[in-house]
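**Q** Model the structure of this input:
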Amino acid sequence: MAELAFSAGDLAQVRFVVSPMWQVVTSFRLLSNHTGHTGHTGHSDQAGHADRTSVSPAHRPWIEQVRPRVAAAGLHRGWLAGLIPPAGFCPYFLNPAPTGAAPTLAMELAAVRNASADRLRRDLDHLAHHQGPLDARLRSLHHDPDTRLARLTEEIHTYWELALAPYWARIRAALDTDVFHRAHQVAEHGAGHVLNDLHTAVRWDDGKLHLTRRSRPLSRTAAGPGLLLVPSAFTGPRVPTRVAPPEPPQLVYPARGTASIWTPRPTTGTDALAAVLGRSRTSLLSELDTPASTTQLAHRTGLSSAAVSHYLTALRDAGLVSAHRAGRSVLYARTAAAETLLEAATNA
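**A** Below is the predicted model of the structure:
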C-alpha cells in the first residue's frame, strides 16, 4: 500500500480534470485486452502491477463496434500497441498534466508532441525494463523523437476518430456529470469525503491518501504538489496513476454512471420532434443510437442512400450530428444537442 501525505497547500491544489488522452490510454488498454471469448482483460496501475478481470458487460457494445475498425486500420499493430501494453507501465509522456479543467484533444496532442526528449527516453527505458526490448518502431522513437512524435500523434488522432469521437458526446456528458456531482460533494461534505468515495482502492485518512493496490512508495517530495483527479469511462479494478514531478500527481478513477453510456436511449414518443424536424430526420436521429454510415442508415430506415445523405447534411449543418472518417466510410453520430432534443421529446 502506498501513502501520499497532504499539506493544507496540497489540498488547496486538488482539482478535477476531464482528459481526452486518458480516455485514449484507458480505452486502448481495455480494447486490446478483450479476448472476445473469455471476456478477460488485463488492467494495471502505472507502477506495473497487473490484474486480470472480466470486462464489464456494459463495455461490450462499444468493444464489438470499435474493435473491427481499429483492426482494419492496423492500429492493433501500431505505435499505441507498443506503448500501451496489456498490463504494466504506460509511458508518462502520453498523459502530460493538463493546464485547464477540460483540455481538448488537440491541446493534449500538442503537449504530447512537445514532450522533452529526456522525458520520452526515460519513459521508453522504463517500458523496456518492464516489458522487454523495444520493437523497431519504438527504438526509432527513442532515437529520433522530434520526427516520430508527429507520426505517433497522427495515429492517436486516427484512433480517436475511430474509437472515441463518435461516442464523445455521451462520454463527455458522463464525465462532466461525475465531476459536477463530486464538486457538489466537496462543497457539502469536504474533500476527504470525496477522496474516500472515488474507488475501493483509495482511502483518505488522517491527512493521507492510501492506495491499497499500489505497492511502490509514493512520497509527497517525489510526487509533486496537489493532486489531479481524472474520471475515466474505461478504467478497470485498479486506479492508474501518473507521478512525474514537478507536475502534480494524477489519479484516474472510474466515473459514475459510465454503464449508461452504452445503454440504448429510448426513442419512442418522438412525434412532437418529428413535427419540427420532419419524420425522416427524426427517424435518422433515432437510428443513430450507435454511430452508422449512410449505407447502414438507408438499410435500417428504408430511405434511399441519396435521401439519407441529404438529411444527414441538414442535420450536420444544424449541429445535431457529427461525421467521423472510418477507413473508406464515414460514421455519423448524434451530438450532445441531439441527445438533449431526443430526451426532451421522449419525456414530454
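**Q** Can you give the distance from stretch 249-260 to the centre of its chain?
**A** 10 Å (Cα atoms, centre = their mean, to the nearest Å).
**Q** buried stuff in the longest helix anywhere in the chain?
**A** Of all segments of type helix in the chain, defined using DSSP state H, the longest is helix 168-189. With burial defined by 16 or more other Cβ atoms under 10 Å, the residues of helix 168-189 counted as buried are 168-176, 178-179, 182, 186. The C-beta positions use only the backbone N, C-alpha and C, and glycine is treated the same way.
**Q** Mind picking the one among the residues you listed that's closest to residue 34?
**A** residue 171 (17.7 Å; Cβ to Cβ).
**Q** Please read off the pLDDT at that closest one from the model.
**A** Residue 171 is assigned a predicted lDDT (pLDDT) of 93.
**Q** go on, residue 240?
**A** pLDDT, residue 240: 86.
**Q** so it touches residue 90, yeah?
**A** Yes. Assessed by Cβ atoms under 8 Å, residue 240 is found in contact with residue 90 at 7.4 Å.
**Q** What is the burial count for residue 237?
**A** Neighbourhood size, residue 237 [other Cβ atoms under 10 Å]: 16.
**Q** Regarding it, what is its secondary structure?
**A** Following DSSP: H, G, I helix; E, B strand; the rest coil, the label given to residue 237 is coil.
**Q** Please state the backbone phi and psi of it?
**A** For residue 237, the backbone dihedrals (degrees, to the nearest 10) come out as phi -80, psi -10.
**Q** list the buried ones in stretch 341-348?
**A** Buried residues in stretch 341-348 (16+ other Cβ under 10 Å): 341, 342, 345, 346.
**Q** List the residues that contact residue 120.
**A** Residues in contact with residue 120 (Cβ atoms under 8 Å, 6 or more residues apart in numbering) are 91, 93, 141, 142, 145, 149.
**Q** same thing with residue 151?
**A** Contacts of residue 151 by Cβ under 8 Å, 6+ apart are residue 79.
**Q** which element is it on?
**A** Remark: residue 151 resides in helix 145-159, with elements defined by DSSP states H and E.
**Q** tell me which residues of that helix are tucked away?
**A** Buried, per 16+ other Cβ under 10 Å, within helix 145-159: 145, 148, 149, 152, 153, 155, 156, 158, 159.
**Q** isn't residue 194 right up against residue 182?
**A** Yes. Contact between residue 194 and residue 182 holds when scored by Cβ under 8 Å: they sit 5.1 Å apart.
**Q** Determine the three-state secondary structure at residue 28.
**A** Secondary structure state of residue 28, per three-state DSSP, is helix.
**Q** Give me the neighbour count for the closest residue to residue 301 other than its chain neighbours.
**A** The spatially closest residue to residue 301, leaving aside those adjacent along the chain, is residue 283, at 5.5 Å (Cβ to Cβ, 6 or more residues apart in numbering). Residue 283 is flanked by 21 other residues according to other Cβ under 10 Å.
**Q** dump the residue contacts of residue 283.
**A** Contacts of residue 283 (Cβ under 8 Å, 6+ apart): 274, 301, 303.
**Q** Quick check: the first one is in a strand.
**A** Think residue 274. No. Under three-state DSSP, residue 274 sits outside any strand and is assigned helix.
**Q** low-scoring stretches of the stretch 201-348 of the chain, by residue?
**A** By pLDDT under 70, the low-scoring segments of the stretch 201-348 of the chain are 213-217, 265-269, 348.
**Q** what about the helices in it?
**A** Per DSSP state H, counting those that start in this stretch, the stretch 201-348 of the chain carries helices over the ranges 271-277, 279-287, 294-301, 305-317, 336-347.
**Q** tell me which residues in the third one are buried?
**A** Just to be clear, that refers to helix 294-301. 294, 296, 297, 298, 301.
**Q** Run the angle between that helix and helix 279-287 for me.
**A** With axes from the mean of the first three to the mean of the last three Cα atoms, to 10 degrees as the basis, helix 294-301 and helix 279-287 are set at 100 degrees to each other.
**Q** now helix 294-301 against helix 305-317, angle please.
**A** Going by the same axes, to 10 degrees, helix 294-301 makes 110 degrees with helix 305-317.
**Q** What ranges does this protein have for its strands?
**A** Under the criterion DSSP state E, strands of the chain are mapped to 2-5, 14-16, 40-44, 50-54, 202-205, 208-211, 227-232, 241-242, 250-254, 321-326, 329-334.
**Q** returning to that earlier point: how about the buried residues of helix 294-301, which pair is most distant?
**A** Across the buried residues of helix 294-301 (Cβ to Cβ), the longest gap, 10.7 Å, separates 294 and 301.
**Q** list residues touching both of those two?
**A** In contact with both residue 294 and residue 301: residue 308, using Cβ under 8 Å, 6+ apart.
**Q** coming back round to it: with distance to residue 261 added, can I get the buried residues of helix 294-301 in JSON lines?
**A** As requested, the buried residues of helix 294-301 are exported to JSON lines (distance: Cβ to Cβ, whole Å):
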{"residue": "294", "distance to residue 261": "24"}
{"residue": "296", "distance to residue 261": "21"}
{"residue": "297", "distance to residue 261": "21"}
{"residue": "298", "distance to residue 261": "27"}
{"residue": "301", "distance to residue 261": "24"}
